[in-house]
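**Student:** output the structure for:
(one chain, ligands or ions: 1)
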Amino acid sequence: MPQARCIAMIAHDQKKDDLCAFAGSHEARLSAFTLVATGTTGGRIQQACPKLTVRRMKSGPLGGDQQIGAMIATGEIDALVFFVDPLTAMPHDVDVKALTRLAIVYDLPMALNRATADRLLRTMEPGE
Ligand SMILES: O=C(CO)COP(=O)(O)O
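**Tutor:** Model (predicted):
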């Protein structure tokens, strides 16, 4: 099983409820990892799952996606759970694309929807 320390979690507005439900149903497992999130997503996860500690970066449209992309480039993130909304135009679409691009460049496990995130989390072992 691949070992991981830090999981980044992000959701667009229409997908935040889904991500909170995902976090709630995996709360015990997620508590073994360091969690980082974009600002609003992180706040929502903490409200939904008070036992989880989430490091909150800036909100996505204000640079949070880029901050998390930079953390991928510096090797600080081991997996990305990003519930994207494919039905809404985003002013920061280029940031979203840059983030998912870096996840691909660095061959990071990346789940873009709930079905994949459930399967991904089951395969991940908390590392040192
Ligand atoms: O826009 C986002 C990802 O592209 C998410 O940002 P927030 O978590 O701040 O809403």
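**Student:** which stretches in the chain count as helices?
**Tutor:** For the chain, applying DSSP state H gives helices covering 16-25, 27-30, 39-48, 64-73, 93-105, 114-123.
**Student:** report how many residues lie close to the closest residue to the ligand within the chain.
**Tutor:** Taking Cβ to the nearest ligand atom, the ligand has its nearest neighbour within the chain at residue 60, 2.3 Å off. Yep, even glycine has a C-beta here, placed from its N, CA and C like the rest. Number of residues near residue 60 (other Cβ atoms under 10 Å) recorded here: 27.
**Student:** ok, now which ones touch it?
**Tutor:** Counting by Cβ atoms under 8 Å, 6 or more residues apart in numbering, residue 60 makes contact with 10, 12, 38, 39, 40, 41, 92, 95, 96.
**Student:** near the ligand, which of these show up?
**Tutor:** 10, 12, 38, 39, 40, 41, 92, 96 (Cβ under 6 Å from any ligand atom).
**Student:** got the contact list for the last one?
**Tutor:** It refers to residue 96. 60, 65, 84, 90.
**Student:** ditto for the fifth one
**Tutor:** Contact criterion Cβ under 8 Å, 6+ apart gives 13, 16, 59, 60 as the residues in contact with residue 40.
**Student:** show the contacting residues for the third one.
**Tutor:** The contact partners of residue 59, by Cβ under 8 Å, 6+ apart, come to 38, 39, 40.
**Student:** quick one: the residue nearest to it when sequence neighbours are not counted and residue 70, what's the gap?
**Tutor:** Excluding its sequence neighbours, the residue lying closest to residue 59 (Cβ to Cβ, 6 or more residues apart in numbering) is residue 39, at 3.9 Å. Distance, residue 39 to residue 70, by Cβ to Cβ, to the nearest Å: 15 Å.
**Student:** pretty sure residue 9 sits against residue 68.
**Tutor:** No: counting by Cβ atoms under 8 Å, residue 9 stays clear of residue 68, with 9.5 Å between them.
**Student:** related to what we said a few turns ago, mind putting the helices of the chain into JSON lines with mean pLDDT?
**Tutor:** Shown next, in JSON lines, are these (pLDDT from 0 to 100):
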{"stretch": "helix 16-25", "mean pLDDT": "98"}
{"stretch": "helix 27-30", "mean pLDDT": "96"}
{"stretch": "helix 39-48", "mean pLDDT": "98"}
{"stretch": "helix 64-73", "mean pLDDT": "98"}
{"stretch": "helix 93-105", "mean pLDDT": "98"}
{"stretch": "helix 114-123", "mean pLDDT": "97"}
